[in-house]
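Chemist: Sequence first, predicted model second:
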Amino acid sequence: MKYKAVIFDLDGVICFTDHYHYLAWKQLADKLGVPFDETINDRLRGVSRMESLDIILEKSSISISSEQKLEMAENKNNLYREFLYKMSSKDLTEEVSRTLHSLRDKKCLLAIGSSSKNTPLILERIGLDGFFDAISDGNSIARSKPDPEVFLNAAGILGLSPSDCLVVEDAGAGIEAAIAGGFDSAAIGAAASLGRATYNLNRFDDLLKIVEA
Ligand code: BG6
Ligand code: MG
């Protein structure tokens, strides 16, 4: 096996919660009269909740206090969690599920490296609670992607060095975090067109060929 472990980003990689982030932020941006579209949304991928809000407010001329910002972020999170509560194991695609199980059968260790504080809820909703060998998420880090902390933390829990692990990401910030931490990376979706990752995936199960090589 080329890698002993794969560290997966969660939103936009394991499941399509990235769209729910977009819908919840869009609702807030519309209320504030701030322009928000899929291009701005791509900049929020992998970035923490409060940093995402700062990016959205770049286009706003209103002065907003830190208390108001906290309230806005909380409102967005409440909206977002309404979507999460409606998720179930049906939101885990057959392709992702099959690939994860094939990697596990090949004795590859599997971890999550996500900026999201909602990671435990999402994993529980899609039926992956307790599945991963290590979880490093928004609750256990001080600096969000592109800082490598979240992936270094995951590799540390697995007892492996970055060169033994492959990071899978849909975010430019996530690919930069992998590079900064000394990890090889596989980009999917939005990140695949940036040309910064070690590999670009057309499909999630392309991972099997990469890890086995
Ligand atoms: C990342 C998402 O996984 O988590 C970002 O790509 C999001 O868009 C970040 O802002 C933080 O998520 P949460 O669930 O803690 O608000
Ligand atoms: Mg992501």
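Modeler: Looks like it arrived, so ask away. Numbering: from 1, shown residues only. Ligands and ions are numbered 1, 2, ... in the order given.
Chemist: now for the lengthiest helix in the chain, which elements pack on it?
Modeler: Taking DSSP state H as the criterion, the chain has its longest helix at helix 66-85. Here helix 66-85 touches helix 17-32, helix 49-57, helix 119-125, going by 3 or more Cβ pairs under 8 Å, 6 or more residues apart in numbering; DSSP states H and E. Using the backbone N, CA and C atoms, a C-beta is placed for each residue, glycine as well.
Chemist: got the CA positions of it in PDB?
Modeler: Written as PDB, here are the backbone C-alpha positions of helix 66-85 (Å, rounded to 0.1, in the frame of the first residue of the first chain):
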ATOM      1  CA  SER A  66     -18.400  41.200  17.800                       C
ATOM      2  CA  GLU A  67     -21.600  40.400  19.800                       C
ATOM      3  CA  GLN A  68     -23.700  40.800  16.600                       C
ATOM      4  CA  LYS A  69     -21.200  38.600  14.700                       C
ATOM      5  CA  LEU A  70     -21.500  35.900  17.300                       C
ATOM      6  CA  GLU A  71     -25.300  36.100  17.100                       C
ATOM      7  CA  MET A  72     -25.200  35.900  13.300                       C
ATOM      8  CA  ALA A  73     -22.900  32.900  13.400                       C
ATOM      9  CA  GLU A  74     -25.200  31.200  15.900                       C
ATOM     10  CA  ASN A  75     -28.300  31.900  13.800                       C
ATOM     11  CA  LYS A  76     -26.500  30.500  10.700                       C
ATOM     12  CA  ASN A  77     -25.500  27.400  12.700                       C
ATOM     13  CA  ASN A  78     -29.100  26.900  13.900                       C
ATOM     14  CA  LEU A  79     -30.400  27.000  10.300                       C
ATOM     15  CA  TYR A  80     -27.600  24.700   9.200                       C
ATOM     16  CA  ARG A  81     -28.300  22.200  11.900                       C
ATOM     17  CA  GLU A  82     -32.000  22.000  10.800                       C
ATOM     18  CA  PHE A  83     -30.700  20.600   7.600                       C
ATOM     19  CA  LEU A  84     -28.300  18.200   9.400                       C
ATOM     20  CA  TYR A  85     -31.100  16.800  11.600                       C
END
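Chemist: wait, what's in contact with the residue of the chain found nearest ligand 2?
Modeler: Going by Cβ to the ion, ligand 2 is nearest to residue 12 of the chain, at 3.6 Å. Listed by Cβ atoms under 8 Å, 6 or more residues apart in numbering, the contact partners of residue 12 are 18, 45, 170-171, 188-190.
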